[in-house]
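Novice: Quick one, structure for this:
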Amino acid sequence: MLYLDPPALAKLYVREPETSEVRRLVGANSGLVFTSIVTYAEMLAVLARCRKELGSRKPPGARQSADSSRTAITACRRAG
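Specialist: Next comes the predicted model:
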């Protein structure tokens, strides 16, 4: 098992200098990762910032917690 704090976990979704190292560590641990409950809120903030920087807009009628988060993840992965 591998513990990832929010900044490390974000590197799996937003390309940053240490992204390849975090991915290597996750792969070396069979993809088994755990983190804290507050990570959910912190990751939403990271993804929202990324989405804002990319100029993405919330799709019409999207639910904030689910649909817009998926949209942000997709946008951030494409940018990375």
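Novice: Now do the same for L44: its pLDDT.
Specialist: Note for L44: predicted pLDDT of 87.
Novice: Phi, psi for it please.
Specialist: Phi and psi for L44, reported as degrees, to the nearest 10, are phi -60, psi -40.
Novice: That one: neighbouring residues, count only.
Specialist: Neighbourhood size, L44 [other Cβ atoms under 10 Å]: 15. Bear in mind the C-beta positions are built from the backbone N, C-alpha and C, glycine included.
Novice: quick one: it and L32, what's the gap?
Specialist: To L32, L44 is 23 Å away according to Cβ to Cβ, to the nearest Å.
Novice: remind me which residues of this structure are low pLDDT?
Specialist: 56-80 (pLDDT under 70).
Novice: can you map out the strands along it?
Specialist: 2-3, 33-34 (DSSP state E).
Novice: unless I'm mixing things up, F34 is touching Y3, no?
Specialist: Yes. Shown here, F34 and Y3 form a contact pair, counting by Cβ atoms under 8 Å, at 5.8 Å.
Novice: related to what we said a few turns ago, out of the strands of the chain, nearest to L9?
Specialist: Within the strands of the chain, the stretch nearest L9 is strand 33-34; the backing value is 7.5 Å (Cβ to Cβ).
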